[in-house]
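Novice: requesting a structural model of the entry that follows:
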Amino acid sequence: MIKENQKYLNRLHVVIDGIVVYCSFCLTYYIRFDNRFTTYLLSFFLPQVPYYRKLWQYQPMLIVLVPVYLILYARFGLYKPKRYQNGTAEAKNIIQANTCAILFFFIYIFFMKIEHVPRSLILMFYVISMITTLIERFAIRKVLQSARRRGNNLKHVIIIGFSTAAEAYIDRIKANPQWGYMIHGIFDDNLNKNFQYKNISCIGKIKDLEKYLEKTNLDEVAITLSLKEYNKLESIVNTCEKSGVHTKFIPDYYKFIPTNPVTEDLNGLPVINIRNVPLTNTVNRIIKRFIDIIGSLVCIVLFSPVMIVVAILVKRSSPGPIIFCQERVGLHNKPFKMYKFRSMGVQPASKEKTAWTTHNDPRVTPVGRVIRKTSIDELPQLFNVLRGDMSLIGPRPERPLFVEKFKEEIPRYMIKHQVRPGMTGWAQANGLRGDTSIEKRIEYDIFYIENWTLTFDIKILFLTVFKGFINKNAY
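Specialist: As a prediction, this is how the structure comes out:
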């Protein structure tokens, strides 16, 4: 069973990491000083080093450095099981751990007053050690995944209770054979013996669980009871823990809580926050608002020539105002006036409030068609950002009529109003603009709200810029 072998795999992994870090330093030294060809090439970019130590003279330093790398790898969760660990998340942790290690390297050299350690050697080691570790981790991941697909290195599991959570659990395991899970069956009081879900059968009632655990050697038990059976939870957990098997609980209300729920300790009572919104934090909110103010001011100055030209063209295209104001719903469900360059002929307010823009809509002017397609009509919203009605990045705001409609039809729709609406957002950066699925947009909006960071905002901004402002779904 996996639980008997995991500790040996982890120890082997630590040894491999140590060897990779050590060999990375040796390779760096060889490239920097011992190989004539690479030394010659590097001389064009790096200053000459008048004196440097021999490789063996660096060994005492490596005796300290290699364990520091391994401790940091453990600290950043790089020795957790890789069964369903995200490869991108692992790469991010490797970069963070290596960066911390190289900072330690600089501090160690400074305080220990170690001479003749060129900065070029340290920086090259930083890059090479990171690349070799990423390659090593990728290779190990692929080897383990290949072994699991062939039926080796499997984790043996049973499921207790059949519910929507059980279906979701089985669906994900069946869709990812590289995780190496073998589900032996389901224990449930409400299923008959002939029941099957994706070739997983019911193998007994919950009262039979204790005897089953006594005669088997499982790696894991997944408790997936339906809400109406939670009164059995305490007894089942006691039975599983008495047998010594690793137990996981997958709540039947998993759709209502985030993937990484935030818990609070209320004087010994664990409290789960249904929705984690980082922007409710005062510091995060101030940082984001400060960037919005600076960013909107810079953009207003930068795009002012474009806005002047568009204003003239809009005025000449048809009678009516240059700026079109429309009521939208913003932070905390409060309405505000959103500004856009007018792209249609003036129409009755009652018609404007209730009608979507359609393909080849006759109301759109020729100038309006161009500025809508290129998203230039959105530039006046920079003043909304400056006023505080909107943010540069966030969920797109909607009209009150459609908010009332969607909140009844789309689950969790109103969560988007827990943050300021934005000129662009995670949904728009992924192509969900104009006439696209509202449900899909809400999924992306909620992901953004729950996972906000400053770097996430920067990523969305870059995606918006590099993917272009052309909106193929704008009419």
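
Novice: for the chain, which spans come out with low pLDDT?
Specialist: Residue ranges of the chain with pLDDT under 70: 1-7, 34-53, 81-86, 151, 254-255, 258-260, 347-362, 434-435, 467-475.

Novice: switch the cut-off to 50
Specialist: 1-2, 475 (pLDDT under 50).

Novice: what segments of it are strands?
Specialist: 155-160, 181-187, 196-197, 200-204, 220-223, 246-249, 262-266, 269-273, 323-329, 335-341, 391-393, 422-424 (DSSP state E).

Novice: ok, and which of the ones you listed has the densest surroundings?
Specialist: Most buried of the strands of the chain, by mean neighbour count (mean count of other C-beta atoms under 10 Å): strand 391-393, with a mean of 26. For glycine as for every other residue, the C-beta is placed from the backbone atoms N, C-alpha and C.

Novice: strands paired with that one, and their directions?
Specialist: strand 422-424 (parallel) (DSSP bridges).

Novice: distance between the partner strand and the chain's centre?
Specialist: Centroid displacement of strand 422-424 relative to its chain, using C-alpha atoms, centre = their mean, to the nearest Å, is 19 Å.

Novice: quick one: R149 and R137, what's the gap?
Specialist: 19 Å (C-beta to C-beta, to the nearest Å).

Novice: what's in contact with stretch 209-216?
Specialist: Contact partners of stretch 209-216, identified using C-beta atoms under 8 Å, 6 or more residues apart in numbering, comprise 158, 160, 184, 187, 203-204, 221, 236, 239-240, 242-243, 245.

Novice: tell me the one of those nearest V364?
Specialist: I160 (58.6 Å; C-beta to C-beta).

Novice: contacts only, for that closest one.
Specialist: So I160 contacts I186, F187, D188, I206, L209, V221, A222, I223, T224, L225, I236 (C-beta under 8 Å, 6+ apart).

Novice: look at H13 and say how many residues are nearby.
Specialist: 18 (other C-beta atoms under 10 Å).

Novice: on that earlier part again, quick one, which of R149 and R137 is more surrounded?
Specialist: The residue with more neighbours, out of R149 and R137, is R137; 22 against 13, by other C-beta under 10 Å.

Novice: do you know how far the residue nearest to the more buried one when sequence neighbours are not counted is from Y73?
Specialist: Once flanking residues are discounted, R137 sits nearest to E90: 6.1 Å by C-beta to C-beta, 6 or more residues apart in numbering. As judged by C-beta to C-beta, E90 and Y73 stand 11 Å apart.

Novice: out of the contacts of stretch 209-216, which comes closest to R396?
Specialist: The closest of those, once distances to R396 are taken by C-beta to C-beta, is I160, at 43.0 Å.

Novice: counting by contacts, list what the top helix by length along the chain packs against.
Specialist: If each helix of the chain is counted by residues according to DSSP state H, the longest one is helix 282-317. For helix 282-317, the packing partners by 3 or more C-beta pairs under 8 Å, 6 or more residues apart in numbering; DSSP states H and E come out as strand 335-341, helix 366-373, helix 381-387, strand 391-393, helix 454-467.

Novice: out of these, deepest packed?
Specialist: strand 391-393 (a mean of 26).

Novice: ok now it, how far from the chain's centre?
Specialist: 19 Å.

Novice: what does that strand contact?
Specialist: With contact meaning C-beta under 8 Å, 6+ apart, strand 391-393 is reached by 288-289, 291-292, 295-296, 385, 419-425, 457, 460-461.

Novice: repeat the analysis, applying 7 Å as the threshold.
Specialist: With C-beta atoms under 7 Å, 6 or more residues apart in numbering as the test, strand 391-393 has contacts from 288, 292, 295-296, 385, 420, 422-425, 457, 460-461.

Novice: closest to Q326 among the residues you listed?
Specialist: Checking the contacts of strand 391-393 one by one against Q326 (C-beta to C-beta), the nearest turns out to be M423, at 14.4 Å.

Novice: next one: the closest residue in space to the closest one that isn't next to it in sequence from R433, what distance?
Specialist: Nearest non-adjacent residue to M423, counting by C-beta to C-beta, 6+ apart: Q381, 5.1 Å away. Separation of Q381 from R433 (C-beta to C-beta) stands at 14 Å.

Novice: now do F111
Specialist: 54 Å.

Novice: more neighbours: those two, which one.
Specialist: Ranked by neighbour count (other C-beta under 10 Å), F111 and R433 place R433 first, with 20 against 8.

Novice: ok, that one to L401 distance?
Specialist: With C-beta to C-beta as the criterion, R433 and L401 are 20 Å apart.

Novice: same question, F76
Specialist: Distance from F76 to L401, by C-beta to C-beta: 49 Å.

Novice: more neighbours, these two?
Specialist: Counting neighbours by other C-beta under 10 Å for F76 and for L401 shows that F76 has the greater number, 18 against 12.

Novice: so that one makes contact with A97?
Specialist: Yes: using C-beta atoms under 7 Å, F76 makes contact with A97 at a distance of 4.4 Å.

Novice: S146 versus the residue lying closest to N152 once chain neighbours are set aside, what's the distance?
Specialist: Counting by C-beta to C-beta, 6+ apart, G180 is the residue found nearest to N152 once chain neighbours are left out, at 7.9 Å. Per C-beta to C-beta, G180 is found 10 Å from S146.

Novice: who has more neighbours, these two?
Specialist: Taking neighbours as other C-beta under 10 Å, G180 and S146 compare with G180 leading, 23 against 12.

Novice: so which of the contacts of strand 391-393 is the closest to E167?
Specialist: Checking the contacts of strand 391-393 one by one against E167 (C-beta to C-beta), the nearest turns out to be G425, at 31.2 Å.

Novice: how many residues are close by that closest one?
Specialist: 27.

Novice: tell me the bridge partners for I160.
Specialist: Applying DSSP bridges, one finds that I160 bridges with F187, I223.

Novice: quick thing: my sequence starts at 754, can you match it?
Specialist: Yep, numbering from 754; the last one is I913 now.
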